[in-house]
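Student: This is the structure alone, sequence omitted:
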Ligand SMILES: O=C(CO)[C@H](O)[C@H](O)COP(=O)(O)O
């Protein structure tokens, strides 16, 4: 299981500071959508220039014009980018093709997908690298957690790696271990902790690798 830190802060220097504090414990750093919206890929480039060797995911949540947007993410230094599972099939196929032509990876974010089992099978057949269940902040506020949805994804993939995101805390250690995703995505539980380095270290210890 790999550990991804989702950085949903509102400033690039804060993101850089957080990476510096946690980089010994984290496999993949996510340049979150709020950073994309506020500072675009030029902000992302600053993170890449500061950390040439870390694995960076640009959370673009692409919906259309997929090959162009995927290409842009990689042009600015991303290793992985994201498209939404509710996008058109053609967009997801174009995104997979563009990512693999660049020798990079694509994560399909299933936020908002209603027919999860069927859509997971369809996306799995399109050749994406990761399929992620994602309970967004708006549903987290209503008390939903991502583990039930994650099991639907896990039961319906063949080769695609699985990921889970959305309000996951260390208190869910047993559920995390039982779910055993390929990629565990943690945002606020590390980023807004009193001691992010220690929180990241505790998640790393839970993963046991
Ligand atoms: O993509 C996101 C929001 O759209 C977040 O990065 C994801 O939900 C993980 O963060 P958290 O653990 O704080 O929910």
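Tutor: Done, it's in. Since we're looking at a predicted model, the values are computed, not measured.

Student: Buried residues, stretch 14-23. List them.
Tutor: The neighbour-count check on stretch 14-23 (16 or more other CB atoms under 10 Å) flags 15-16, 18-19, 21-22 as buried. In short, each C-beta sits where N, CA and C put it, glycine included.

Student: Residue 57: neighbouring residues, count only.
Tutor: Using other CB atoms under 10 Å, residue 57 has 25 other residues around it.

Student: Now residue 162: which helix or strand?
Tutor: Element membership for residue 162 (DSSP states H and E) is strand 161-165.

Student: Which ones among the buried residues of stretch 14-23 lie within helices?
Tutor: 15-16, 18-19, 21-22 (DSSP state H).

Student: distance of the nearest residue to residue 75 once chain neighbours are set aside from residue 83?
Tutor: Closest residue to residue 75 apart from its sequence neighbours, by CB to CB, 6 or more residues apart in numbering: residue 41 at 7.9 Å. Noted for residue 41: a distance of 16 Å to residue 83, by CB to CB, to the nearest Å.

Student: between the two, who's got more neighbours?
Tutor: Legend: neighbour count by other CB under 10 Å for residue 41 and residue 83, higher for residue 83 (26 against 20).

Student: Counting neighbours, which bits of whichever strand or helix holds that one end up buried?
Tutor: Residue 83 is part of strand 80-84 when elements are defined by DSSP H and E. Across strand 80-84, burial judged by 16+ other CB under 10 Å covers 80-84.

Student: Count the residues that sit near the closest residue to the ligand within the chain.
Tutor: The chain approaches the ligand most closely through residue 187 (2.3 Å), counting by CB to the nearest ligand atom. For residue 187, the neighbour count with other CB under 10 Å is 20.

Student: What about the nearest residue to it once chain neighbours are set aside? Give its phi and psi, please.
Tutor: Distance criterion CB to CB, 6+ apart; nearest residue to residue 187, sequence neighbours excluded, is residue 6 at 3.6 Å. With angles defined as degrees, to the nearest 10, residue 6 sits at phi -80, psi 120.

Student: which ones are touching residue 6?
Tutor: Neighbouring residues of residue 6 by CB atoms under 8 Å, 6 or more residues apart in numbering: 30, 32, 59, 165, 185-187, 191.

Student: just the buried residues of stretch 14-23 that are near the ligand?
Tutor: Among the buried residues of stretch 14-23, not one lies near the ligand by CB under 6 Å from any ligand atom.

Student: Just the closest of the residues you listed to residue 50, please.
Tutor: Nearest to residue 50 among the buried residues of stretch 14-23, counting by CB to CB, is residue 16 at 5.3 Å.

Student: Identify the residue spatially nearest to the closest one, adjacent ones excluded.
Tutor: Per CB to CB, 6+ apart, closest to residue 16 is residue 50, 5.3 Å.

Student: quick revisit: other residues contacting the host helix or strand of the residue nearest to residue 75?
Tutor: Using DSSP H and E, residue 41 maps to helix 33-50. Helix 33-50 has contacts (CB under 8 Å, 6+ apart) with 7-12, 15-16, 19, 29, 31, 56, 58-61, 72-73, 75-78.

Student: Quick check: next helix or strand after the least confident helix or strand in the chain by mean pLDDT?
Tutor: Lowest on mean pLDDT, DSSP states H and E among the helices and strands of the chain sits helix 137-140, with a mean of 86. Where DSSP H and E defines the elements, the next helix or strand beyond helix 137-140 is helix 147-156.
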